[in-house]
Structures are given as C-alpha cells and as structure tokens.
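Enquirer: show me how the following folds:
(one chain, ligands or ions: 1)
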Amino acid sequence: MVKQTIQIFGRIKPTKKTLAVYSMDHQEETGASLEFVIPRDLVDGFINNKRECYKFRFQKVFDQHVKQDEIFEEIAKPVAESVLSGYNGTIFAYGQTGSGKTFTITGGAERYSDRGIIPRTLSYLYERFSQDSSMMYSTHISYLEIYNEVGYDLLDSRHEASRLEDLPKVMIMEDPEQNIHLKNLSLQQSANEEEALNLLFLGDTNRMIAETPMNQASTRSHCVFTIHLCRREPGSATLRRSKLHLVDLAGSDRVSKTGLDGMLLTEAKYINLSLHYLEQVIIALSEKNRSHIPYRNSMLTSVLRDSLGGNCMTTMIATIAVDKRNLDESISTCRFAQRVALIKNEAVLNEELDPALLIARLKREILSLREELAMVTGDQRDEQLTAEEIQRLDEVVNVFLNDPDPDVTLSLGPDMRKIQHCFFLLKSMILDKKRDKARL
Ligand SMILES: Nc1ncnc2c1ncn2[C@@H]1O[C@H](COP(=O)(O)OP(=O)(O)OP(=O)(O)O)[C@@H](O)[C@H]1O
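Expert: Predicted structure coming up:
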C-alpha cells in the first residue's frame, strides 16, 4: 500500500498583459510557492482594504512559457508509471472558465505539439506495452460526460445522431461492498494508440459545447476519460487491473460573475452545485476524525470517490489565469488546491486471479492429486464401481449388520466411492424401516 497526499500543481495560463501580479519561488525543502501581490490601486474605483498578498504552496508551479511536453513529463508520466504497475491514478484539472483545463488535459487543436495529457499518456502507455514483451496488456476506454448532474456516454455510437436527452443516461450503481459501477457507460477495447485516439476524438466531438460571455467555446460539463488497463504475465493466473481517470472539470467560476441567464444560468448553477459538493467532500476529507464523507451528494463525487481519499494516486492541476480581472477567481482556485493537498489517499496494488485460468489451474491440480492418491492407495478411482464391487459391498454390509458382536467393524479401505456406497445402503435401510413402522 502506498499512502500519499494528493499532489497539487499550478499552471499559469499565458497572458499578453505585462503587469505581473504574481511571483513564484521554488525551494528544495518546502516545494514551490505562488504569491499574488495586489497593489492598492488595482481595484478600480474602490479603496482596496483587502489583504495585499496571498501565498500558496504547490508541489510545483508551471509558469506561462511551459510547454505541453514538460507538463506531461512532470505531472502525467509518474502517474502513468504507477498505473502501469497496477495502481489506480487520477489527474484532474480545476480552474475557472478559460484558464486552460481542456488545453492541459486534452490539448489544443492548432499544433501537434499542443497535444495534452490524454493523447500523450495514450502514446506513452502503448509505447511501454510494446517495449515489455514479458507481459500481456489489454486496454479499454470509457468517456463520461456529466452535464447538469446527469451522466452521458460520450462513446455511445448514437451520440452524434441523437439529442443529448434522448441518450441512455449513465446510472450509478453501488454493490454491497460499496463499490461504484456505472450502468450504460460503454467500455471500448482499444488495441493500439490509433484506436484509442479515435475514441478520444469521437468523445471530444460529442462533448457538449456552449458559449458563455467569458469563453467562446466553453465546456459546461465535467468530462472523465478513463483508461482501464489489465496486465498479465503469460501463463499466470494473476492479473493486475488499474484505472487512470483524466478529468476535465467544468469552469469553477462563481455564478454572479459570468452574467448568464436562461439555460446557461441553469448550467452554471448545476456546475456550481456539483463543484460545491466536490468542495464539501474535500473539506470533510481534510478534517480529522470525520467519519461521514458526503460522496453520494453528486454524480461527480460518486464517480471520483476512489480518487478522493481512496484507493488511488491522485494529482490535481490548478489552472490559473493571472489577468487582473481574474485575480479573485485565481485566488479561490489556489485556496481550493490547498485544501485538496491535505487529503490522504491509500493506493493498493489491484491484483486479482483470473477465474478461467484459476479453474484450469485447479483442474490440473485435482488431476495430479488423484494420480498421487492412486499411487499411494494402489487404487484407480476415476471410474464408477462395477456391478461386482457393488454386490460384494452389499454382502459386506449385510454381514456387518447381522454380526451380534457390537465391536465389529466395517473394513472398506481408503476408497471414498465404497464408503459412500455403504452409507447410501445404510440410509435406504433406515428409511425402509421407518416406512414399515409408519404403515403398522
Ligand atoms: N498554456 C496554454 N498555452 C496556450 N494556450 C492556452 C493555454 N492554456 C489555455 N490556452 C488557450 O486558452 C483558451 C481557453 O482554454 P481552455 O479551453 O483549455 O480553458 P478551460 O479552462 O478548459 O475552459 P472551460 O472551463 O470553459 O472548459 C483556449 O483557446 C486555449 O487554447
């Protein structure tokens, strides 16, 4: 078991504005820090009585110039490595609308080098499979969208043809061991990188896109791309199953700021509500001695239950826009990250036995034990008792029952078939006697 607190990273979105309101520091012992300094004249038209300096700690903060390959190397690769070893992993991006969550998790469409964590992780995993001929790997993909508290399968083949509401809804089922199962969420096998990327593309095409005044192509839903991995040594009955959730959360903006109405306001309320429940879970987890964690309040927290305070190695990326107008949202994102950093997870190696291989192995074992037993007893006991053997046993049982000596024994040798036959005879005799008695 690996006990680990959730790792938190910050990523600053590039901005054209030159006014620097933040500074970064990195020290070996304490990790990185991100500081916002708000000069008094920054709050236009008002006297700024608020604090001027806000400092937050992260594992590492990536400044504006940092490219996608470095983000993958530093954040996603270690998680992918532990997933390869059989641990569950989650990487989730949290931040306000337009701060770069989708860019970080999925990537930008303009340049190949803008590929985000999902395509790079897929590429890395398939490369690792091909390098390791001592193991057999199989991969399945699922892609869940949570929109207004309802789950949809982004890989459902009917998605493009139907309206969102017409699609089967993904339901949460809980088994007696309180494990979560998602009904109606398809698991698609992907034999190679190309197939996996096609699934990602299909899912992204199906994502619910709506426009808000803040972002021309804002994603108003939570998306969970999951890579399900199964690893086995050829011939071994032991397999390791692990899951990697790559999560792009909806924008964390406060409703009042976004200036929305109608349907978009309903969406924003749902987003706020589910992020509020996420925060509630995170607060509960970071408090000592809290026994009840309110995972069941929302679909997002139910789906991410293992990732938050459970069997998972979890990493959060706080995406931060440092423009002047976004400062309060950035500070609230960093505050959220500080709470997340307190959560302790316990990741266990997900090892299990393949039932089909186990049965085959047990059958082989039974056969060899039978052969061993036959060698010891000198008897072959595979076949049924012969008619002669049965007749002989009937005689032996009769002699035994009719012998007046109370200490007489029935000697049958170590053959279970003969012992069972004698018990069967005795039982039918007793039943006959009972029936005769009842008739009298
Ligand atoms: N690090 C970055 N480098 C270059 N461009 C970026 C970066 N981060 C974000 N962008 C650009 O900023 C815009 C908004 O980013 P993105 O769509 O990823 O935001 P988001 O946080 O996912 O928003 P939403 O909450 O609406 O989903 C996009 O055009 C994206 O390409």
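Enquirer: tell me how many other residues surround residue 393.
Expert: 20 (other Cβ atoms under 10 Å). In short, each C-beta sits where N, CA and C put it, glycine included.
Enquirer: ok, the nearest residue to it once chain neighbours are set aside to residue 410 distance?
Expert: For residue 393, ignoring the flanking residues on the chain, the nearest one in space by Cβ to Cβ, 6 or more residues apart in numbering is residue 421 at 5.4 Å. Look at residue 421 and residue 410: by Cβ to Cβ, to the nearest Å, they are 11 Å apart.
Enquirer: the more surrounded of these two?
Expert: For residue 421 versus residue 410, the count of surrounding residues by other Cβ under 10 Å is larger for residue 421: 18 against 15.
Enquirer: so that one touches residue 386, yeah?
Expert: No: the criterion here is Cβ atoms under 8 Å, and residue 421 misses it with residue 386 at 11.5 Å.
Enquirer: residues near residue 337, how many?
Expert: 24.
Enquirer: show residues contacting whatever helix or strand it lives in.
Expert: Residue 337 is part of helix 327-340 when elements are defined by DSSP states H and E. Residues outside helix 327-340 that contact it (Cβ atoms under 8 Å, 6 or more residues apart in numbering): 6, 8, 10, 21, 34, 36, 38, 42, 54, 56-58, 94-96, 99, 252-254, 257, 279, 282-283, 286, 316, 318-322.
Enquirer: ok, now stretch 354-365?
Expert: 232, 236, 237, 238, 239.
Enquirer: may I see these arranged in JSON lines, with neighbour count, pLDDT and secondary structure as well?
Expert: Rendered in JSON lines, the data for these read as follows (neighbours: other Cβ atoms under 10 Å; pLDDT from 0 to 100; DSSP: H, G, I helix; E, B strand; the rest coil):
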{"residue": "232", "neighbour count": "17", "pLDDT": "88", "secondary structure": "strand"}
{"residue": "236", "neighbour count": "13", "pLDDT": "81", "secondary structure": "coil"}
{"residue": "237", "neighbour count": "17", "pLDDT": "80", "secondary structure": "coil"}
{"residue": "238", "neighbour count": "13", "pLDDT": "85", "secondary structure": "strand"}
{"residue": "239", "neighbour count": "19", "pLDDT": "87", "secondary structure": "strand"}
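Enquirer: nearest to the ligand among those residues?
Expert: residue 239 (35.7 Å; Cβ to the nearest ligand atom).
Enquirer: what's the spacing between the closest residue to the closest one other than its chain neighbours and residue 353?
Expert: Spatial nearest neighbour of residue 239, excluding adjacent residues (Cβ to Cβ, 6+ apart): residue 232 at 4.3 Å. Separation of residue 232 from residue 353 (Cβ to Cβ): 10 Å.
Enquirer: overlap in contacts of these two?
Expert: With Cβ under 8 Å, 6+ apart, residue 232 and residue 353 have common neighbours 238, 239.
Enquirer: hey, C-alpha coordinates of the helix or strand where residue 205 lies in PDB?
Expert: If you go by DSSP H and E, residue 205 is part of helix 193-206. Output in PDB follows, covering the C-alpha atoms of helix 193-206 (Å, rounded to 0.1, in the frame of the first residue of the first chain):
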ATOM      1  CA  GLU A 193      -2.700   4.000 -30.000                       C
ATOM      2  CA  GLU A 194      -4.600   4.900 -33.100                       C
ATOM      3  CA  GLU A 195      -7.800   3.200 -31.900                       C
ATOM      4  CA  ALA A 196      -7.600   4.900 -28.500                       C
ATOM      5  CA  LEU A 197      -7.000   8.300 -30.200                       C
ATOM      6  CA  ASN A 198     -10.100   7.700 -32.400                       C
ATOM      7  CA  LEU A 199     -12.100   7.100 -29.300                       C
ATOM      8  CA  LEU A 200     -10.800  10.300 -27.800                       C
ATOM      9  CA  PHE A 201     -11.700  12.100 -31.000                       C
ATOM     10  CA  LEU A 202     -15.200  10.600 -31.100                       C
ATOM     11  CA  GLY A 203     -15.800  11.600 -27.400                       C
ATOM     12  CA  ASP A 204     -14.500  15.200 -27.900                       C
ATOM     13  CA  THR A 205     -16.700  15.600 -31.000                       C
ATOM     14  CA  ASN A 206     -19.700  14.700 -28.800                       C
END
